[in-house]
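S.K.: With the sequence up front, the predicted model follows.
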Amino acid sequence: MTDQDNNQQKIKDLINKLALFMNLECQIEFKEENNQDNKSLLVSVYTPENARFLIGKNGQNLKALEHLIKTISSRQDEHYYNIVVDVNDYKKSRSSYIIDLAKQAVSRVRNTQKAEVLLPMSSYERRIVHMELASYPDVATESIGEEPQRRIVIKPYNP
């Protein structure tokens, strides 16, 4: 068994152990992605019921689970992964929702020529918005505030 397989097995064991405490059955899938020098490990957890226990309010439990897995993996594997954990594709659907909100805000900013402030978001969600709106030449984005109330301002771009 390679170090990677061993690390994935430890991640799987940890998630299964936590799920067992919550009386949940889950299926876990791993997908590796290589982008330039950066290796990412996507951990997809699927549970037929009560995924809300693993996700938590506004994804707080999911964020904590991801942090726990990253901490344990970084101690036991010299290959540093960017580890992303998702439960029942919550992050994927949340990303789509956030992009839609940002695009609606862009439309309003274009019409009014006034800046608009979005709701507070995690750093992961803010990064998604910044990357998505970077291709819009007529608007600029900026993060303001302090965690956990940090948010994005979308404003008309005036060079």
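M.R.: Now that the structure is in, tell me what you want to look at. Numbers count the residues shown, from 1 in each chain.
S.K.: what helix or strand does residue 5 sit in?
M.R.: helix 3-21 (DSSP states H and E).
S.K.: average model confidence for that helix?
M.R.: Taken as a whole, helix 3-21 has a mean pLDDT of 85.
S.K.: Quick one: list the elements packing against it.
M.R.: Other helices and strands packing on helix 3-21, by 3 or more C-beta pairs under 8 Å, 6 or more residues apart in numbering; DSSP states H and E, are strand 27-35, strand 38-46, helix 60-76. In this view, the C-beta of every residue, glycine as well, is placed from N, C-alpha and C.
S.K.: Can you give me the buried ones in it?
M.R.: By neighbour count, with 16 or more other C-beta atoms under 10 Å as the criterion, the buried positions of helix 3-21 are 7-8, 11-12, 14-15, 18-19.
S.K.: For the residue minimising distance to the centre of the chain, which non-adjacent residue is closest in space?
M.R.: Per C-alpha atoms, centre = their mean, the C-alpha nearest to the average position across the chain is that of residue 124, at 5.0 Å. Of all residues beyond its chain neighbours, the one nearest residue 124 is residue 91 (7.8 Å), with distances taken as C-beta to C-beta, 6 or more residues apart in numbering.
S.K.: Next SSE downstream of the helix or strand that neighbour falls within?
M.R.: Taking DSSP H and E as the definition, one finds residue 91 inside helix 90-112. Downstream of helix 90-112, the first helix or strand assigned by DSSP H and E is strand 116-117.
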